[in-house]
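[1] pasting the sequence and the predicted model now:
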Amino acid sequence: MSPGPSAVRAHQPCMPISHQRGGTSMPAGEALAGLRHWHPPGARGAQPPLVEADLVVYGGTSGGVTAAVRAARAGLSVVLAVFGDHVGGMTTGGLGLTDTGHPDSVGGLARAFYDQVAGHYGSPAPRWDFEPHVAEGIHERWLADAGVEVRRRQHLESITLAEGRIEELRTDDGTRYRAPWFVDASYEGDLMAAAGVTYTTGREPATAYGESLAGVRPSTNHQFRFPVDPYVTPGDPASGLLPGISPDPHGEPGEGDHRVQAYTFRLCVTTADDRLPFPRPDGYDPGRYELLRRHVAAGGYELYGRTCLVHSGPHGDVFDMNNHGAFSSDHIGANYDWPDAGHARREEIFQDHVRYQAGLLYFLANDPGLPAAVHEETRRFGLSPREFTDTAHWPPQLYIREARRMVAGYVVTQADGTARASASDPVALASYVMDSHNAKRVVVDGAPRNEGNVQQSVTRPFGLSYRALVPRPGECENLLVAAAVSASHVAYASVRMEPVFMMLGEAAGAAAALAHAEGCPVQKVPYEALRHELLAGGAILDWPPPAAERP
């Protein structure tokens, strides 16, 4: 574990209604109860299966897909070990509106993906908004065409290290993976951590990298705009705090801590007539939303941010539903354990997020203490029956906005985003705002206050160093990291966008192919050769891009 903030441990469990589906009804709570992050394996066979390849990619995120595809196209035999049943991470998990920043900074396989999205809809290319099933279809086709072996429900259990290299990866179903090269494309950096690579979690103090936006941040965005009493008995602090409010102090600006920005599910909803009503989860407790009820009564009703993905057509309008406002889908303060937790603990956190968000929507649609106008506006939307058909139309991917982050030879910081630093070996560009959601909710001067939101534009698209994708020399010479890359909390808030993960994954796959050809550690892959390979594939590595590199 690296110097700096570290993860801590910390949960609450949360009469189903009839949920129409395919002409029949089923208890909605039961449907959601079948939704899982982790599927514990059954009994192991006497002879655990052995899988061998040139490259093993652990993590079926969008970056995992591009890493596997790029390496396979370069001639490597590639296995993609996917944690769940689906590939694509958040790109196929409900995040249908792409956070692009500067569109012309997106190149390579990422650009090809958004061009193919446009082709599906018959729209001008590229197209940045899409339905989840469309995205997953493209990723599945890419993997099949490249000859990548995809193995699902593969959960890391342990690894074997020898002389600074990963020799074998073992999953909890007994499968053994052997390869000369590995890519960790998980959002959490699980393989990286198991390999003993230096990493951090949480928020660095402002003094760590000289970042004015680091650590504890007073928030003005997604904030309570009206006076709301935070106590169980209004006006009586001795009665305790309402659910969702932490007794911790706000903290001083710039202080570091263990906290990470809030997680959520990005739901795919529709206003079509066949929309599915928001389900009432098992253990639904309307008291969990008393703070929201009081905020609505004070005039603070905002529901969710909604971005229309597909207008009209045979299925009506389809939307990507996101957090918006002081009290919304971001489950603030419920995820601090996630980065370093094991599979069982993460499953608890996952289920708590399902109950929280499903309960929130059910509350808004049905609670008798809310105005009828809130019920009506909420009920205009429902889950899309055409998405996530094997998980009760609820995304199986929790939006892990931030977890572990490697600490490598180059740490991307606020200085990169504000053009005060520049990497000499870029493999991709980031250009979206440094966008970090709130990390805790506390009481300040007798009122609830969210803390941690950062919304800071970058000066221009900035390069992400190859050194941010590989461990420090001597730490693991056959591992590349495509998601939990080396960046501060502040800078990661820009890096963490799906197009960037796709580009970083492609860079990792290309670098693995070069390391394989050269027989060298990943830390010694010749940058100029890697740059040549990436540019040949349409990557954008400089800003402004030379005319020959522009999409």
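    Received the coordinates, thanks. Numbering: from 1, shown residues only.

[2] pretty sure Y301 sits against V374.
    Yes. Counting by Cβ atoms under 8 Å, Y301 does reach V374; the two are 5.8 Å apart. Just so you know, the C-beta spots here come from the backbone N, C-alpha and C atoms, and that holds for glycine as well.

[3] of all the helix elements in this structure, which one is longest?
    Secondary structure of the chain read by DSSP state H shows that its longest helix is helix 343-366.

[4] now do the helix or strand just after it, average pLDDT.
    Next in sequence after helix 343-366, counting helices and strands by DSSP states H and E, comes helix 372-379. Confidence for helix 372-379, expressed as mean pLDDT, is 94.

[5] same question, stretch 207-222
    Mean predicted confidence for stretch 207-222 is 95.

[6] what's in contact with it?
    Stretch 207-222 is contacted from outside by 4, 203-206, 250-257, 323-326, 328, 330, 411, 413-415, 434, 436-438, 449-456, 488-490, using Cβ atoms under 8 Å, 6 or more residues apart in numbering.

[7] drop anything exposed from those residues.
    Among those, those buried by neighbour count (16 or more other Cβ atoms under 10 Å) are 4, 203-206, 250-251, 254-257, 323, 325-326, 328, 330, 411, 413-415, 434, 436-438, 449-454, 456, 488-490.

[8] so, low pLDDT: which residues of the stretch 301-450 of the chain?
    303, 314 (pLDDT under 70).

[9] all strands of it, in order?
    305-310, 318-322, 382-383, 405-406, 426-430, 434-436, 440-444, 447-451 (DSSP state E, counting those that start in this stretch).

[10] so what are the sheet partners of the first one and their directions?
    If you go by DSSP bridges, strand 305-310 pairs up with strand 318-322 (antiparallel).

[11] tilt between the strand it pairs with and helix 343-366?
    Orientation of strand 318-322 against helix 343-366 (axes from the mean of the first three to the mean of the last three Cα atoms, to 10 degrees) gives an angle of 110 degrees.

[12] chain center to strand 318-322: distance?
    In terms of Cα atoms, centre = their mean, to the nearest Å, the centre of strand 318-322 is found 16 Å from the chain centre.

[13] which residues touch that strand?
    So strand 318-322 is contacted by 94-97, 129, 131, 264, 266-272, 304-310, 329, 381, 384 (Cβ under 8 Å, 6+ apart).

[14] mind giving me the ChimeraX select for those residues, buried ones only?
    Selection of buried members from these for ChimeraX, criterion 16+ other Cβ under 10 Å:
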select :94,95,96,97,129,131,264,266,267,268,269,270,271,272,304,305,306,309,310,329,381,384
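
[15] check contacts around V495.
    Counted by Cβ under 8 Å, 6+ apart, V495 has contacts V412, A430, L464, V485, A487.

[16] what is the neighbour count of the last one?
    Here the count is done by other Cβ atoms under 10 Å, and A487 has 29 residues near it.

[17] show me the beta-bridge partners of it.
    In this entry, A487 is beta-bridged to V412, by DSSP bridges.

[18] my read: it touches T413, true?
    Yes. At 7.3 Å, A487 counts as touching T413 under the criterion of Cβ under 8 Å.

[19] how distant is the longest helix of the chain from the center of its chain?
    Per Cα atoms, centre = their mean, the displacement of helix 343-366 from the mean C-alpha position of its chain is 17 Å.

[20] what's the answer for stretch 383-392, then?
    Remark: stretch 383-392 is offset 20 Å from the chain centroid, using Cα atoms, centre = their mean.

[21] could you give me the average pLDDT of whatever helix or strand A68 lives in?
    Element membership for A68, per DSSP H and E: helix 62-73. In this model, helix 62-73 has an average pLDDT of 99.

[22] with stretch 453-473 instead?
    Mean predicted confidence for stretch 453-473 is 97.

[23] gap between the residue nearest the centre of the chain and M90?
    Geometric centre of the chain, nearest residue: I400, 3.5 Å, by Cα atoms, centre = their mean. Plainly put, I400 is 8 Å away from M90 if you go by Cβ to Cβ, to the nearest Å.

[24] got it, and R170?
    Here R170 is placed at a distance of 27 Å from M90 (Cβ to Cβ).

[25] and the pLDDT at G42?
    85.

[26] contacts only, for it.
    By Cβ under 8 Å, 6+ apart, the contact list for G42 reads D173.

[27] the stretch 1-150 of the chain: helices as residue ranges?
    Counting by DSSP state H, counting those that start in this stretch, the stretch 1-150 of the chain has these helices, from start to end: 28-33, 62-73, 108-121, 132-146.

[28] excluding its backbone neighbours, what's nearest Y284?
    Spatial nearest neighbour of Y284, chain neighbours left out: G359 (5.0 Å); criterion: Cβ to Cβ, 6 or more residues apart in numbering.

[29] tell me, how many residues neighbour that neighbour?
    Using other Cβ under 10 Å, G359 has 22 other residues around it.

[30] circling back: OK, contacts around the nearest residue to the residue nearest to the centre of the chain once chain neighbours are set aside?
    In space, and not counting its chain neighbours, I400 is closest to Y187: 4.1 Å by Cβ to Cβ, 6+ apart. Taking Cβ under 8 Å, 6+ apart as the criterion, Y187 is in contact with G59, T61, G89, I400, A403, A483, A484.

[31] redo these as TSV? Include distance to V443.
    Below are those laid out as TSV (distance: Cβ to Cβ, whole Å):
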residue	distance to V443
G59	38
T61	37
G89	36
I400	28
A403	28
A483	35
A484	33
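
[32] list buried residues within the residues you listed.
    By neighbour count, with 16+ other Cβ under 10 Å, the contacts of Y187 hold G59, T61, G89, I400, A403, A483, A484 as buried.

[33] ok, what's across the strand from the second one?
    On DSSP bridges, the residues paired with T61 through beta bridges are G88.

[34] the residue nearest to Y284 and A373, how far apart?
    Counting by Cβ to Cβ, the gap from G359 to A373 is 20 Å.

[35] also E163?
    Applying Cβ to Cβ to E163 and A373 gives a distance of 66 Å.

[36] neighbour-wise, which of the two wins?
    Taking other Cβ under 10 Å, E163 and A373 do not tie; A373 has more neighbours (10 against 6).

[37] how much space separates that one from L364?
    Between A373 and L364 the computed distance is 11 Å (Cβ to Cβ).

[38] before we move on, back to that, next, give phi and psi for the residue nearest to I400.
    Per-residue torsions, Y187: phi -60, psi -30 (degrees, to the nearest 10).

[39] quick thing: my sequence starts at 481, can you match it?
    Renumbered: residue one is now 481, and that last one reads Y667.

[40] give me the pLDDT for it.
    Confidence at Y667, expressed as pLDDT, is 98.

[41] just the one 5 residues further on next, same as before
    Turning to M672, the model gives it a pLDDT of 98.

[42] I'd assumed Y679 was in contact with it.
    Yes. With contact defined as Cβ under 8 Å, M672 reaches Y679; the gap is 6.3 Å.

[43] returning to that earlier point: which one's more surrounded, R650 and M570?
    M570 (25 against 15).

[44] show me what contacts the more buried one?
    Neighbour list for M570: T541, S542, R746, Q877, Y879, E978 [criterion: Cβ under 8 Å, 6+ apart].

[45] so what's the fifth one bridging to?
    This means Y879. Here Y879 sits in beta bridges with T744, going by DSSP bridges.
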